[in-house]
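Trainee: make a model of this:
(2 chains)
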Amino acid sequence: MKKGYLRKFLFLIFLFSFFNISFIKGQNDSLSVEKIEEILTFEPSIQGLYYQLEVKTPKSQLGQIDFEEMNFSKSGDFLLSDTLVSYGKALEIKSLLETKYNLDPFLKYFIFDMVSDRESVNAYLSNLIRNEIFIPGIQITQEEMEGELIILGSKVPFKPFYKLRIKLLQDIKVILLLAILILFIFSSVILVLTMIFIKARKKEKEILTKRFKDLTYEPLSNLLFEKSLEEIMEYSKQDLEQFLPTNYLSKPLFKTVLIQEIISLNKNMKGDFKLKLKLIYRKLDLHQFTLSRLQSKRWDEVATGIVEINEMDLTEALPEMEKLVSNKNFYIRSNAVATQLNLSNDKNLTVLARQKYPLSSWQQMKYLRIIKFLSTQNLVKIIYLLESDNVSVRIFGIRLVRYLGRVDRIAKLSEMYPTASLPEKVEILRSFNALNAESELNHVHDALYSDQEELCLIAIQTLGNIGDENSQAFLIQRLGMIQSFALEKAILTSLATLNKDVFLNFVSTSTKASYMKIKDHLLDPILSNV
Amino acid sequence: MKNVLIIEDDRLISSLVQFRLKKDGYNVTMVEDGIAGMNAIENASPDLIITDVMIPFKNGIEIINHAKKFSPKVPIIVLSSLGEEEGTVMEAFNLGASDFIPKPFNPNELAMRVKRLINN
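Mentor: Numbering: from 1, shown residues only, chains lettered A, B, ... in the order given. I've put the predicted structure just below:
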């Protein structure tokens, strides 16, 4: 669980950093300062860029320098050069002034007519290059400038894709992004193809199943109606196979369909048809196919195999069932226990008593149906369930005492009661009520004074059925100790059932208004059942 | 040749019953849902109807109701699982079902009842 969270966290950090860095990179798509310096130096001119040198000279030096020769003009205390179009030329003059005359000239940059700083020049040049308005290294003559636009365009070595490819291959983030995208598209394609494949196979299986079903109707009808049980008994496997489409007999799907149809008929038929079906099933070695399902790694396959074993009474599979009754898979376990109960003929119900997993309501319903059937043949021993270490098994055992009307187990329930858990106590009281266990009133009276409302309510209802004179007094006493309307109503109902005179006398002498309302309700022939 | 209509969604059961009744010389029509069943009652002029209670689109009770309106003298046998509510079975009889056979059933017994009802 923690590993899962850690993985998710690291993945989010990775994604965040990836997009964040990519974003910054995307915004910072400019040329380096060194590269710009190089371009400015070697290009004779760049459209819109001009330079001017400004020199502040001491008067003593004015006579020594031939500024006119260098195209400087005076402006106040400063000398200004002509506007230069070549940055290289401007640097050359600047260098001359610095080295030869020991002056400190200042280089001014102009973008069109605006005085700018070096950073603006860099940005301007970067924009020109990025938008391919200016391409370094390409000289266009004056004649060419005056020529046709198409002729001019043909002279430009425009290779944006090449440059983009170089950029992509140099950027590890882009490569990574591309790799993820390719992987995603590849996975999607694989997923779609897999879905199409599975759907096609499912469709094909449905068609085949329908076809195989159609192929089984006639042979099964022939065998069931045209052949007697004795005749089928005398048939060998090969004889029986003659009734069926022999070319499909080796196919697992055909065997599956045939087993399903035999089981379905077995459920819906009675008389010697059942015996015939079981005989056909065994003679065709379909029971071997069923038993092989138990070795499958798929849980649904194993569960299907167990159901088939149960339906077709394959008692030879009981040792295998013994291994599966404690399986961690709910369906395998439930079906294995049901099969074991059904086929083992174990009156002690040990397979249930040994269950380590809690029994669900669905399981209890399933097992009850089987145990009810078993109890019609043999007296099942519920005692082992009542002594189980598993509380849900003990509760099921208590319920069985009630459902099967096992009054012989009342004493055992009575023995269990003092140390039982609350749900067990509730079930024990319900069983006392259902079995009219008047001998166990002492436990019911104890429960009446319980702090647990559920237990108290069951005790009140039980007393309404099996209570005696003492119970009437206890009920009245308990009534004075409670505030719950539900309990008040239950006590008065039980009291009215036990002894109507005592009930009427008690209510008439009472001053509590709610008692009168409950009395009116209980005595009303229509409302009393609401 | 007498016509028997089987309205049953379980193909296997209806095929088996059809096979058994054909052996006795009946002409058998099978349908798998309630609507087809009602159409067959109107068009196939059955001499006897065998219907399940739980079938798609219309239930067995609606089938009996329809059959009694369309051809009131045609006998109807109701096939039903044991788990079916008692009320449904009673309602089927009140509407005029002639017989009731719970599943699991013996096809030979069903064939005998068909014979008896058709002969009557």
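Trainee: who's in contact with A:K276?
Mentor: Contacts for A:K276 (CB atoms under 8 Å, 6 or more residues apart in numbering or on different chains) come out as A:223-224, A:227, A:229, A:232. For glycine as for every other residue, the C-beta is placed from the backbone atoms N, C-alpha and C.
Trainee: please repeat the previous calculation with a cut-off of 7 Å.
Mentor: Applying CB atoms under 7 Å, 6 or more residues apart in numbering or on different chains, we find A:K276 in contact with A:223-224, A:229, A:232.
Trainee: give me phi/psi at A:D468?
Mentor: The phi/psi pair for A:D468 (degrees, to the nearest 10) reads phi -120, psi -160.
Trainee: for A:R369, see how far away it is.
Mentor: Plainly put, A:D468 is 37 Å away from A:R369 if you go by CB to CB, to the nearest Å.
Trainee: any weak-confidence spans in chain B?
Mentor: Scanning chain B for pLDDT under 70 picks out B:82-85.
Trainee: what parts of it come near chain A?
Mentor: By CB under 7 Å from any CB of the partner chain, the residues of chain B that approach chain A are B:11-13, B:15-16, B:19-20, B:23, B:103-106.
Trainee: picking up where we left off before, so of the contacts of A:K276, which ones are in helices?
Mentor: Per DSSP state H, helices hold the following members of the contacts of A:K276: A:223-224, A:229, A:232.
Trainee: for PyMOL, write the selection for the buried entries among those.
Mentor: A single PyMOL command selects the buried members of those (16 or more other CB atoms under 10 Å in any protein chain shown):
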select buried, chain A and resi 223+224+232
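Trainee: nearest to chain B among the ones in helices among the contacts of A:K276?
Mentor: The shortest gap between chain B and any of the ones in helices among the contacts of A:K276 belongs to A:L224, at 7.1 Å (CB to the nearest CB).
Trainee: mark out where each domain of chain A begins and ends.
Mentor: Chain A is divided into the following domains under automatic domain parsing: A:1-30, A:33-161, A:170-204, A:437-530.
Trainee: if I pick A:T497, what's in contact with it?
Mentor: Applying CB under 7 Å, 6+ apart, we find A:T497 in contact with A:G464.
Trainee: redo that, cut-off 8 Å
Mentor: For A:T497, the contacting residues are A:464-465, by CB under 8 Å, 6+ apart.
Trainee: could you pull out the buried residues of the helix or strand that contains B:N65?
Mentor: Following DSSP states H and E, the helix or strand that holds B:N65 is helix B:60-70. Within helix B:60-70, the residues that count as buried by 16+ other CB under 10 Å are B:60-68.
Trainee: now for that helix, which elements pack on it?
Mentor: Helix B:60-70 sits against helix B:34-43, strand B:48-52, strand B:76-81, helix B:86-95, with contacts defined as 3 or more CB pairs under 8 Å, 6 or more residues apart in numbering or on different chains; DSSP states H and E.
Trainee: and for that helix, what are the contacting residues?
Mentor: B:7, B:34, B:37-38, B:41-42, B:49, B:51-55, B:58, B:74, B:76, B:78, B:80, B:88, B:91-92, B:95-97.
Trainee: in the sheet, who's paired with the residue nearest to the spatial centre of chain B?
Mentor: Centroid check for chain B by CA atoms, centre = their mean gives B:I50 as the closest residue, at 1.1 Å. Per DSSP bridges, the residues bridged to B:I50 are B:I6, B:I77.
Trainee: surely it meets B:P75?
Mentor: No. B:I50 lies out of contact with B:P75 (CB atoms under 8 Å); the separation is 9.7 Å.
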